[in-house]
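Chemist: model this:
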Amino acid sequence: MNINPQRWPALNTGPRPRRLRGRFLRQPTQAAVHLLMLGLVGLACLPALAQDAGAGVKKFERVEVTGSAIKRIEAEGALPVQIITRADMVKAGITTAAELIANLSAASNNLTDGVSIANGGSRDQMGFNSANLRGLGTSSTLVLLNGRRMANFASPGDDAGVDLNNIPSAAIERVEVLLDGASAIYGTDAIGGVVNFITRKDYQGLDLDAYVGASQEGGAGKRTASLAAGFGDLARDRFNLFGVFDIQHTDALNTSQRKFIGELQIPQRLPHLLSSYPMPANIFLSSDQLEALQNQGFKINGRVPSTKTINLSAPQCNPPHSLNLVDGIGGPDGCTFDYMRDLELYPQSKKLSFLGRGVLALGDKHQAFVELALSEAKTHYVGTSSRIRLRRANELDTALIPGLDTALPGEAVEIRARLLEAGNRKTALNSRAERVVLGMSGSLGSWDYDWGLNHSVNKVAERDASGYLLYEELIDGFRRGLVNPFGPSSAAGKAYLNSIQVNDEVRSARGAMSSLDFKTSGSLMKLGGGNLALALGAELRHESTDSKASELLLSDNINEDWTPGDSQFVKRSRRVWAVFGELVAPLSKELELQFALRHDNYQNIGGTSNPKLGLRYQAAKELVLRASAGTGFRAPSLNDLYRPPKSSSTSVLPDPVYCAANGNDLRDCANNWSTVIYSGPNLKPEKSKQFSMGMVFEPIKDVSLGLDYWNIAKTNLISTIGEDIILGNLGKYGALVHRYNMDEGIQGCDYDPDDYEICFIELRKENRGKQRSSGLDLSFEVRRLTSPLGQWGAKMAGTWVLKSEKQTGFGDDFVSDLGKFVTTGAVQRWRHRLSLDWTYGPWSLAVGNTYSSGYTDQNSAIDTNSGTMVGANKVKAYSLWDMAGAWEASKSLTLRAGVKNLLNTAPPYSNQAYHFISGYDPSYTDPRGRFVYLSAQYQFR
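Modeler: I've put the predicted structure just below:
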């Protein structure tokens with residue numbers, strides 16, 4: 001049952017959110033905050049006025065590591081930080097930030113290009129690639145560039161986070177992943193952790209890089225080139241200018257180019273998850289019409305139909321797209337459309353990025369800098385060809401259907417057709433990012449300082465490029481007999497389809513973030529183990545979102561791209577301010593304490609103070625023990641609060657009320673029910689408590705082992721209730737199900753006292769229940785192990801999840817997704833990344849393995865033909881090996897050749913019904929297969 005979402009009224013957005021009260025700290029006035037910030041900026045500028053122009057520049061020997069605002073020589077602090085260097089990326093053949101995140105063992109259920117292939121399903125935030133640490137959600141993972149925020153992906157949706165396509169990957173020097181959540185330094189919304197992409201700085205010389213790769217079976221080829229150039233020595237010339245330009249082009253990958261798609265046997269295993277919209281079209285009869293045909297002895301291919309779904313071309317249909325499957329959704333007398341033969345698994349994309357940085361020395365202790373980052377990602381998503389459903393007499397009656405014109409004269413039947421002649425639906429997604437940071441850093445006496453003015457913008461434009469048709473004009477083409485749903489159209493019909501193709505930018509969005517931040521750190525006094533260090537900081541931030549729709553989209557005249565929903569206009573903004581402090585107290589040579597406190601205040605939401613306590617104990621020369629504890633606070637995003645209603649549909653689910661009246665026959669009472677998703681203007685912040693404890697053991701030089709236990713508990717989860725949970729507990733959530741026999745006065749749900757079928761299910765963002773997650777992070781590293789056969793190294797980072805569960809509502813039982821696909825995905829119990837390195841003179845070799853353990857499948861899909869559940873399945877473990885070798889031909893030239901997915905491992909079979917792609921889970925798998933690449937790097941220093 002489908003409804004036209006244009007019939008839904010715009011809902012009252014409700015009263016303005018109330019400020020949080022109670023235990024939260026009293027808020028200072030805005031005027032006081034502005035005066036404080038102006039004073040801090042003035043303080044930062046004083047050193048520039050007192051500079052000694054003739055002095056040299058002293059380079060800092062101390063470094064600032066993600067998780068602390070205090071520079072120190074020793075990087076192994078109280079908080080677990082995983083570091084991925086540029087060399088690690090090159091050895092693994094990683095060319096994008098999204099590929100790097102996919103290799104993190106602590107990441108789970110990331111948003112990927114495979115998940116974004118949403119034509120024919122939900123169009124929510126298409127093109128968004130994100131990081132999701134601990135599986136706690138994209139919105140709970142903070143992504144930084146050089147320690148500062150970027151604007152979130154602009155398109156409205158359920159997730160708030162940085163689009164990894166906008167990270168200038170060629171400029172990355174290293175990535176620091178803070179695995180301890182809720183950072184009191186960067187923002188307590190980092191409940192899952194922090195990913196800090198750090199770019200090259202103070203670079204001199206010229207780097208030319210080129211990369212070309214191809215998959216063994218074709219498709220998904222890739223070509224990249226980058227140019228990095230820098231000049232000026234800070235110590236000698238008192239300035240440095242540096243820039244990196246990167247271009248990447250990736251070819252599309254079609255399902256027809258991968259034999260594993262056929263080997264998954266989707267038509268045999270999951271026939272009920274395919275489509276009832278084939279070409280030629282299926283005809284859906286009423287019970288009376290079927291009985292009339294049977295009484296007349298009407299035959300299709302020599303047999304009288306026994307089901308209400310028939311196809312005049314059965315059983316030949318139109319393979320390989322349209323098949324006659326006895327157990328398919330089209331039934332034995334109809335045709336089933338295998339849409340997995342009609343789409344792309346990997347989109348064509350083109351990415352351009354530039355990062356420029358200029359640094360000017362001001363005296364011997366101060367630097368002014370400006371940083372510019374520009375990026376553009378153009379991605380072309382290709383989904384299935386358009387569908388059309390005709391069910392009214394004025395659209396297509398039996399007079400235009402050969403055979404039925406005499407068997408059922410003058411009657412209207414329902415037609416479900418696939419418009420192959422119109423071509424696949426193609427969506428062009430353009431995500432652009434602009435970021436400018438202007439600031440200063442340096443020292444005053446023994447105190448370091450750093451301030452920055454940051455302006456960041458993300459713009460997203462979505463175009464229906466082809467395959468989408470004007471709806472009213474398409475219907476007119478059927479009425480006039482120009483478009484033939486049962487076979488090839490005439491030349492005039494094909495020309496008509498081309499004339500009503502849509503090529504329009506239908507959606508656009510802009511998200512912006514401007515901030516002014518300041519921090520300073522220095523020593524207060526001597527303690528038993530060193531100096532008591534203090535860091536203080538503050539931030540003012542302004543966030544805004546603006547989404548629009550085209551006039552054509554608002555006219556509701558694009559077939560398969562209906563409105564309203566995510567097409568309505570939204571323009572919102574808010575102010576945020578924060579202050580923080582950090583103390584590092586080395587009580588003795590063995591024991592160090594770290595304490596941090598952060599206060600965040602969000603306009604119309606309120607404020608909260610969140611502490612972080614860390615401990616580092618040098619138990620022995622070879623052993624470091626560490627622990628931390630803290631709280632977190634994630635305010636609802638602007639999209640959580642204000643995004644417009646969005647229409648969608650469920651997977652095939654049973655309705656207990658309808659089933660009770662139909663003898664619990666799933667063939668009649670299970671369906672794809674319509675849903676409407678609403679934001680929540682009165683949402684409260686999510687809160688968290690987390691702690692970790694672990695150790696780093698270095699039994700011999702250059703060999704280390706790490707083990708950390710982590711535990712995170714979130715409350716006031718911002719989410720909707722899963723439609724499966726709603727229908728499974730109507731006693732508690734029945735008010736969210738709207739039926740035609742409910743006289744509620746809702747437009748689009750025409751009142752009928754005898755019709756208890758579902759009109760739509762209401763999915764509203766609210767604060768619901770708790771989430772608990774815990775596990776172990778394990779690491780192992782061998783560095784520079786020398787032998788007569790060369791130098792060896794090894795590195796392993798793995799995550800063993802002990803608990804991952806959440807409540808769907810307050811008072812509900814906890815539901816675990818650990819090792820089990822639940823609603824939207826699974827959290828694998830074990831994930832790791834292992835790499836082995838060998839170097840001998842100018843030659844080197846690297847072997848890597850990325851592994852995810854198996855899990856229990858979704859196992860909830862319903863076959864509406866047989867009325868049975870899908871057969872239970874266990875998804876196998878997924879292990880990918882890669883290998884790369886390099887030759888340093890000279891000091892300037894390095895050549896590299898590598899193979900990804902060395903064993904050509906295909907994604908494991910899955911019966912999941914959540915993602916549009918069927919047969920496997922696209923959220924963590926790579927459909928490219930064996931992929932060979934060559935790269936060259938030329939350095940001129």
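
Chemist: and stretch 428-442, average pLDDT?
Modeler: Confidence over stretch 428-442 (mean pLDDT, whole number) is 95.

Chemist: quick one: buried residues of it?
Modeler: For stretch 428-442, a neighbour-count test (16 or more other C-beta atoms under 10 Å) marks 428-437, 439-442 as buried. No exception for glycine: its C-beta is placed from N, CA and C like everyone else's.

Chemist: also stretch 784-798?
Modeler: Those would be 785, 792, 793, 794, 795, 796, 797, 798, for stretch 784-798 by 16+ other C-beta under 10 Å.

Chemist: likewise for stretch 883-899?
Modeler: So for stretch 883-899, counting by 16+ other C-beta under 10 Å, buried means 883, 884, 885, 886, 888, 894, 896, 898, 899.

Chemist: identify the residues contacting the fifth one.
Modeler: Right, residue 888. Residues near residue 888 by C-beta atoms under 8 Å, 6 or more residues apart in numbering: 842, 843, 844, 894.

Chemist: between those residues, which is nearest residue 181?
Modeler: In terms of C-beta to C-beta, no member of the contacts of residue 888 lies closer to residue 181 than residue 844, at 36.2 Å.

Chemist: next, count neighbours for that closest one.
Modeler: 19 (other C-beta atoms under 10 Å).

Chemist: which non-adjacent residue is nearest it?
Modeler: The shortest distance from residue 844 to any non-neighbouring residue, by C-beta to C-beta, 6 or more residues apart in numbering, is to residue 886 (4.7 Å).

Chemist: the one you found bridge partners, please.
Modeler: residue 844, residue 896 (DSSP bridges).

Chemist: now it: how far from residue 103?
Modeler: 19 Å (C-beta to C-beta, to the nearest Å).

Chemist: can you show me the strands along the stretch 801-941 of the chain?
Modeler: 814-816, 830-840, 843-852, 855-856, 862-863, 868-869, 874-875, 878-888, 893-900, 931-940 (DSSP state E, counting those that start in this stretch).

Chemist: turn these into JSON lines, columns for mean pLDDT and distance to residue 696.
Modeler: Shown next, in JSON lines, are the strands of the stretch 801-941 of the chain (pLDDT from 0 to 100; distance: least, C-beta to C-beta, whole Å):
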{"stretch": "strand 814-816", "mean pLDDT": "90", "distance to residue 696": "31"}
{"stretch": "strand 830-840", "mean pLDDT": "95", "distance to residue 696": "18"}
{"stretch": "strand 843-852", "mean pLDDT": "95", "distance to residue 696": "23"}
{"stretch": "strand 855-856", "mean pLDDT": "95", "distance to residue 696": "30"}
{"stretch": "strand 862-863", "mean pLDDT": "71", "distance to residue 696": "50"}
{"stretch": "strand 868-869", "mean pLDDT": "73", "distance to residue 696": "48"}
{"stretch": "strand 874-875", "mean pLDDT": "96", "distance to residue 696": "34"}
{"stretch": "strand 878-888", "mean pLDDT": "96", "distance to residue 696": "27"}
{"stretch": "strand 893-900", "mean pLDDT": "96", "distance to residue 696": "31"}
{"stretch": "strand 931-940", "mean pLDDT": "95", "distance to residue 696": "33"}
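
Chemist: these: which one's closest to residue 270?
Modeler: Between the strands of the stretch 801-941 of the chain, strand 862-863 lies closest to residue 270; by C-beta to C-beta that is 9.1 Å.

Chemist: circling back: surely the residue nearest to residue 844 touches residue 893?
Modeler: No. Counting by C-beta atoms under 8 Å, residue 886 does not reach residue 893; the two are 10.9 Å apart.

Chemist: now the phi/psi pair for the residue of the chain positioned farthest from its centre, please.
Modeler: Within the chain, the residue lying farthest from the chain centre (C-alpha atoms, centre = their mean) is residue 296, at 55.4 Å. Dihedral angles of residue 296 (phi, psi; degrees, to the nearest 10) stand at phi -80, psi -10.

Chemist: from residue 409, how far out is it?
Modeler: With C-beta to C-beta as the criterion, residue 296 and residue 409 are 12 Å apart.

Chemist: hmm, which of the buried residues of stretch 784-798 is lowest in pLDDT?
Modeler: Among the buried residues of stretch 784-798, residue 785 has the weakest pLDDT, 87.

Chemist: against residue 696, how distant is that residue?
Modeler: 18 Å.

Chemist: so residue 235 is in which element?
Modeler: Following DSSP states H and E, one finds residue 235 outside all helices and strands.

Chemist: in the protein, which residue is most central in space?
Modeler: Closest-to-mean residue, the chain, C-alpha atoms, centre = their mean: residue 111 / 2.3 Å.
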